[in-house]
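Trainee: Pasting a predicted model and its sequence here:
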Amino acid sequence: MNKKIYLLLLLASFFVTQCSENLKKNAKKQDKKEQQWSAEKKAVIALVAAALIAGTTVGCAYSLGLIDFSTKPDGAKKRGCIRQKRSNQRPNQRPNQRPNQRPNQRSIQERLYDAILFEQLDEVAALIAEKVSLTLPIMYGERFVAANALFFAIDRCSYKRNTQIAIFHTILAQFDEKEINGDHEETYLNKAIYRPVSPAPIAVVKALLDAKANPKTADKKYLLPTPLHSAVSRFKENGDDGCVTALLQAKADPTRKNQLEQTPLEFAQITLTHEKFEEFKKLFPS
């Protein structure tokens, strides 16, 4: 009996010893894995931090112009070329003007553009004396501004300043009846009658009518509006300022239809409120 107990105790001690050794081995393996993972984690964090620092440094250097990734045949840096170009440009020089080009060497059409834009009445008169063409398109560099000087002057009259209106009258005096009623996509009269937000003053409309602008001629653009159709849009924003009466006195045709087969009154009925339409309708002869 004692031998059996002894053997059992011996086996139990052996089993406990083996279990403890296995636990120690597993603990050592786990420690190694944790140490290895910790080392890898630290390495990844270090690489990410280094990449961020390097990217930030390169970005700052590029923005300051210290380095550039572009290449030029002559070895010049792109940013350096831009700086050199800007430094060669005079403070008052226009973007499309060559560095060695003087202001008086600009085209006469550009001078006319400036004179109308900046309300230089004397300069407009001087250019007219130099026989500047008022019927050519107004261009600034390669940018289209207006079909001709009169269109541009009418457009500028929308600001309702006396100098602009005086420039308009100066240019209008150079146009005869044939030129005023010339073949354009938009008529001078429609241009003066309606412009979104701020149309030209009624004095400009009356001046065109006095210069024999035809009040029956329709535009060639969308909807083919006559001056009376344009007067509806003007009436909607400005009320009765005498435009409709002036057109009717100049023999405008109240029965002529636009592209949608609408007379001016029919167009007004769908465009104006009921109260404004009744007011507009009173301006027409019964």
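Mentor: Received, thanks.

Trainee: what residues are up against residue 112?
Mentor: 124, 127, 132, 134, 138, 149 (Cβ atoms under 8 Å, 6 or more residues apart in numbering). Placement of C-beta: from N, CA and C, glycine included.

Trainee: let's go with 10 Å and repeat that
Mentor: By Cβ atoms under 10 Å, 6 or more residues apart in numbering, the contact list for residue 112 reads 120, 123-124, 127-128, 130, 132-134, 136, 138-139, 149, 152, 171.

Trainee: what about it, which SS state?
Mentor: Residue 112 falls in the helix class when you classify it by DSSP: H, G, I helix; E, B strand; the rest coil.

Trainee: Kindly report the same for residue 214.
Mentor: Classification of residue 214 by three-state DSSP places it in coil.

Trainee: Go ahead and confirm it touches residue 184.
Mentor: No. If you go by Cβ atoms under 10 Å, residue 214 and residue 184 don't touch, sitting 11.9 Å apart.

Trainee: chain center to stretch 226-238, what's the gap?
Mentor: Between the centre of stretch 226-238 and the centre of its chain there are 27 Å (Cα atoms, centre = their mean, to the nearest Å).

Trainee: cool, and stretch 254-263?
Mentor: 34 Å.

Trainee: residues making contact with that stretch?
Mentor: Contacts for stretch 254-263 (Cβ under 10 Å, 6+ apart): 216-219, 221-229, 232, 244, 247-248, 253, 264-271, 283-285.

Trainee: Name only those of those residues that count as buried.
Mentor: 217-219, 225-229, 232, 244, 247-248, 253, 264-265, 267-268, 271, 283 (16 or more other Cβ atoms under 10 Å).

Trainee: and those, which of them are in strands?
Mentor: Secondary structure assignment (DSSP state E) places none of the buried ones among the contacts of stretch 254-263 within strands.

Trainee: Take these and keep only those in helices.
Mentor: Counting by DSSP state H, these place 227-229, 232, 244, 247-248, 264-265, 267-268, 271 in helices.

Trainee: Which one of these is nearest to residue 45?
Mentor: Proximity of those to residue 45 was ranked by Cβ to Cβ; the top entry is residue 271 with 69.7 Å.
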